[in-house]
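have a look; sequence and predicted model below, questions after that.
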Amino acid sequence: MRRPSFIHLLFAGPALALLLVALVGATLEGAPPTAVVRATLDTVFHILDDQQLKAPGQLPHRRHLLEEVIAERFDYEEMSKRTLAAHWKPLTQSERQEFVQLFKAFLSDQYAARIEGYAGERVVYLSERTVDGYAEVRTRLVSDKLDFPMDYRLTNKRGTWFAYDVIVDGVSLVMNYRSQFGKIIGESSFQELLHRLRDRRVKEEKVKT
């Protein structure tokens with residue numbers, strides 16, 4: 001994937017990576033869906049390519065930067081509604097808010113963990129389709145060892161596009177977690193789902209510290 005030319009003119013390092021995270025959030029208002037996806041992925045791959053951030057002592061900081069980029073560009077409320085489906089409507093406002101925050105932490109960590117393993121892949125942008133405030137950006141992730149589709153579904157909020165689902169090789173992230181979470185709720189309760197997400201968050205925080 002080709003990076004923006006200005007990146008090559010700057011010195012790499014944690015300070016630059018933090019600046020790029022801020023720029024992604026600050027410059028994408030009014031941008032078309034593909035531009036939003038491209039800018040976000042450019043930032044993610046730049047962080048992954050940064051040699052200083054690959055140093056053992058910088059790995060927790062690198063993970064934090066990746067999570068920040070991901071959190072900035074996903075609409076977690078929309079994702080939560082679609083993931084819980086029929087289980088969303090009966091929830092109280094406080095239950096909804098807590099689930100959104102726990103789900104955000106969970107997904108940011110999961111996505112960051114997956115992309116940390118990427119090495120040398122590039123993104124091929126195939127097409128963009130926009131209908132009534134929703135969009136789908138079709139891409140392929142390509143390297144010498146792999147080639148598979150990765151499509152992003154986005155919604156427009158206040159003039160800015162945010163992702164609410166990622167379809168990897170035909171598998172929807174939202175549908176995957178809808179099945180898993182629905183099973184937990186069906187076999188136990190929504191409160192049990194919250195308990196598991198809370199417990200996982202506590203364990204992840206301990207690992208990071």
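Right, received. Where do you want to start? Numbering: from 1, shown residues only.

could you point out which element follows the helix or strand bottoming out on mean pLDDT in the chain?
Taking mean pLDDT, DSSP states H and E as the measure, the chain has helix 14-27 as its least confident helix or strand, at a mean of 43. Tracing the chain C-terminally past helix 14-27 and defining elements by DSSP states H and E, one meets helix 33-49 next.

let's check: the centremost residue of the chain is which one?
Per C-alpha atoms, centre = their mean, the C-alpha nearest to the average position across the chain is that of residue 70, at 3.8 Å.

tell me the contacts of it?
Applying C-beta atoms under 8 Å, 6 or more residues apart in numbering, one finds that residue 70 lies in contact with 44, 107-108, 111-112. For glycine as for every other residue, the C-beta is placed from the backbone atoms N, C-alpha and C.

that one and residue 105, how far apart?
Distance check for residue 70 against residue 105: by C-beta to C-beta, to the nearest Å, it reads 11 Å.

how far does the helix of greatest length in the chain sit from the chain's center?
In the chain, taking DSSP state H as the definition, the longest helix is helix 93-115. Taking C-alpha atoms, centre = their mean, to the nearest Å, one finds helix 93-115 lying 10 Å from the centre of the chain it belongs to.

quick one, the helix or strand where residue 176 lies and helix 93-115 angle?
Here residue 176, judged by DSSP H and E, is contained in helix 173-187. The directions of helix 173-187 and helix 93-115 differ by 130 degrees, with axes from the mean of the first three to the mean of the last three C-alpha atoms, to 10 degrees as the criterion.

still on that earlier bit, report the mean confidence score over the longest helix of the chain.
Averaging the model's pLDDT scores along helix 93-115 yields 85.
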